[in-house]
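Participant: Build me a structure from this.
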Amino acid sequence: MKRGERFPEDQAEVVFDDVFVEYLETLPEPDRIAVLAEVVRLCANPSGTHPLSNRGGGDRLAGWNTVDVLNKQHRVIFGSRVTDGVGVIEVLCAGPRKDGSVYSTAAALAATGRLSDDELTQIWEALALLDVIEEDVELDGWDYRPPPAPDGMVRAAVAANLLDEEAARSMSRDEIQAAMEHGWDAGSASQAAA
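Facilitator: I've put the predicted structure just below:
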C-alpha cells in the first residue's frame with residue numbers, strides 16, 4: 001500500500017513468514033516485544049517507513065515496504081494489501097540494516113518463486129476438485145472423519161422427521177445431536193432447521 005492509504009477500520013490480518021519467526025527467536029524478549037509492537041502499528045500505517053527499493057533484487061522486491069525497528073538498527077520487510085475488504089500484512093523478514101543484509105535476505109526470499117495469491121487460489125481450487133473426484137470414485141476417505149452416529153440415534157432423528165435416512169447415516173453423533181437440538185421450529189419438526 002502507498003503512503004496515506006489505510007486499512008478498513010485500521011485492522012488487518014498479520015501473516016508471518018517462517019524466516020521472520022526465526023528472526024524473532026534470535027532476539028531477547030524485550031526486543032521481540034518491541035518488534036511485534038511495531039508490526040501491530042502497521043495496521044494504522046500500512047505503508048510503514050518507506051517502500052522497498054529494488055536494490056540488488058531487480059523487480060523481485062517491488063511492492064514490499066519496510067519499517068524501522070529497534071532504534072532504527074533493524075528493518076522489517078512486509079507487504080500490505082486489502083483483499084476482499086480485509087487488510088492483510090505479510091511480514092516477509094527482518095534483520096540488521098548494516099551492510100544491507102536484510103535486503104539480501106528479502107531478495108533471496110523473493111527469488112524462491114513465492115506464489116501469487118491467484119496461483120495459490122488456483123492450487124486450492126484444484127485440490128478441492130481432486131477431493132470431489134476422490135469421493136466420487138471412493139478412493140480414499142478422510143482419516144479424521146468422526147465415527148458415524150449410533151444406529152438408535154439415527155433412527156430417532158429419522159422417526160422424528162428431522163433428517164432423511166441417507167443424511168442421518170452420513171453424520172456423526174455430534175452432528176445429529178446438533179440437528180435434533182435445532183430441528184424444532186415453533187413446536188414442530190423442521191428438516192430445514194435441523
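Participant: hang on, isn't L163 packed against A194?
Facilitator: Yes - between L163 and A194 there is a contact at 5.8 Å, judged by C-beta atoms under 8 Å. In short, each C-beta sits where N, CA and C put it, glycine included.
Participant: the more surrounded of these two?
Facilitator: Using other C-beta atoms under 10 Å, the more surrounded residue of L163 and A194 is L163, with 24 against 21.
Participant: Double-check that the more buried one belongs to a strand.
Facilitator: No - read with DSSP: H, G, I helix; E, B strand; the rest coil, L163 is coil and lies in no strand.
Participant: Walking through the protein, point out its strands one by one.
Facilitator: Along the chain, counting by DSSP state E, strands occupy 12-16, 50-51, 65-69, 74-83, 86-96, 184-185, 188-189.
Participant: which parts of the third one are buried?
Facilitator: It refers to strand 65-69. For strand 65-69, the neighbour count (16 or more other C-beta atoms under 10 Å) marks 65-67, 69 as buried.
Participant: with those in mind, which one is nearest to V15?
Facilitator: Taking C-beta to C-beta as the measure, N65 is the one of these closest to V15, at 14.5 Å.
Participant: on that earlier part again, could I get the buried residues of strand 65-69 as CSV with distance to S172?
Facilitator: Output for these, formatted as CSV (distance: C-beta to C-beta, whole Å):
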residue, distance to S172
N65, 46
T66, 49
V67, 47
V69, 47
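Participant: ok, so of those residues, who is nearest A189?
Facilitator: A189 lies nearest to N65 out of those, by C-beta to C-beta, at 56.8 Å.
Participant: residue contacts, the closest one?
Facilitator: 1, 46-52, 77-80 (C-beta atoms under 8 Å, 6 or more residues apart in numbering).
Participant: Quickly list what it is bridged to.
Facilitator: For N65, the beta-bridge partners under DSSP bridges are P51, F78.
Participant: separation between it and I33?
Facilitator: Computed as C-beta to C-beta, to the nearest Å, the N65 to I33 distance reads 22 Å.
Participant: what do you get for C43?
Facilitator: According to C-beta to C-beta, C43 and I33 sit 17 Å apart.
Participant: what do you get for M153?
Facilitator: Per C-beta to C-beta, M153 is found 50 Å from I33.
Participant: So for the two, which sits in the more crowded spot?
Facilitator: The neighbour count for M153 versus I33, taken as other C-beta under 10 Å, is higher for M153 (17 against 12).
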